[in-house]
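>>> Turn this into a structure:
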Amino acid sequence: MRSTLCLLIFFFSAHSHAGVYKCIDNNDRITYQNQPCTNQELASEIDLTSGTKISLEEERRRNLLARKKLEQQKIAQRQLAEKQARLLQESIEETRINQRLIKSHPKQYSAFAIPPYTQGERPALVENFKSRLPEIERFRRKAAQHILAGGKCGRVEASELNSRSSGDNLVFLVDCSSGLQTYVEEQQLSGK
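Residues are numbered from 1 along each chain as shown. The predicted structure is shown next:
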């Protein structure tokens, strides 16, 4: 008798923690069952231990929104990675152009006039503007060419991004072998 009573208490307590589902069909008939509702429009679960009622439709809606948000985050991360890869590839191409220019005109450019800004070895200033790295590489070249075209500089020793730069106006400092140092702003180079 005692074992039967213990067994009944055990099954009752295990069953009561499972919860009860309140299902409302299309004809507004309410049924209570210990299994989740099947294709019911209005379904809720009642926790027998706490007495709380959970709308399963609301739970599904929240889960759907969470999945959509997660998917949007994955898409945004993928787009950011693609953009960063594209920027890196564009900056590598601009660096190649700079190096070809230096090698083909050794009298006008020192070998270190426009050193490449390689990933991991970029100065902190360049790292602050890394989203514009291809433009920086292109403008470094254009700034050096601009100063040479002015006739006051015989040879460019360095063309570097300067700390006077801002997000919408990059500034470059060009050093000449004559000791002349000239600041060149992005706006001066944009049309060239």
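>>> Point me to the helix or strand that includes the residue nearest the centre of the chain.
The residue lying closest to the centre of the chain (Cα atoms, centre = their mean) is residue 80, at 4.0 Å. For residue 80, the host element (DSSP states H and E) is helix 56-104.
>>> helices or strands up against that helix?
strand 42-46, helix 133-149 (3 or more Cβ pairs under 8 Å, 6 or more residues apart in numbering; DSSP states H and E). Any C-beta I mention is one placed from the backbone N, CA and C, and that applies to glycine too.
>>> residues making contact with the longest one?
Yep, that's helix 133-149 we're talking about. 87-88, 90-91, 93-95, 97-98, 101, 108-109, 113-114, 116-117, 126, 129, 153, 156, 159-161, 170, 172, 174, 176, 182, 184, 186, 188-189, 192 (Cβ atoms under 8 Å, 6 or more residues apart in numbering).
>>> Put the buried members of these into a PyMOL selection.
Remark: buried members of the contacts of helix 133-149, expressed as a PyMOL selection using 16 or more other Cβ atoms under 10 Å:
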select buried, resi 87+91+94+95+98+101+108+109+113+114+117+126+129+153+156+159+160+161+170+172+174+176+182+184+186+189
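>>> wait, is residue 127 part of a helix?
Yes: counting by DSSP: H, G, I helix; E, B strand; the rest coil, residue 127 is found in a helix.
>>> What's the local residue count around it?
12 (other Cβ atoms under 10 Å).
>>> burial count for the spatially closest residue to residue 185 that is not a sequence neighbour?
Distance criterion Cβ to Cβ, 6 or more residues apart in numbering; nearest residue to residue 185, sequence neighbours excluded, is residue 171 at 5.3 Å. Other residues near residue 171 come to 18 when the count uses other Cβ under 10 Å.
>>> In contact with residue 171, which residues are there?
Neighbours of residue 171 in contact, by Cβ under 8 Å, 6+ apart: 161-162, 164-165, 183-186.
>>> Repeat the analysis, applying 6 Å as the threshold.
162, 164-165, 183, 185 (Cβ atoms under 6 Å, 6 or more residues apart in numbering).
>>> Of the residues you listed, just the buried ones, PyMOL syntax please.
Selection of buried members from the contacts of residue 171 for PyMOL, criterion 16+ other Cβ under 10 Å:
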select buried, resi 165+185
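>>> for the contacts of residue 171, which one is nearest residue 57?
residue 165 (54.8 Å; Cβ to Cβ).
>>> ok, and the closest non-adjacent residue to the closest one?
residue 171 (4.7 Å).
>>> Quick one, grab the pLDDT at that neighbour.
Reported pLDDT at residue 171 in the predicted model: 96.
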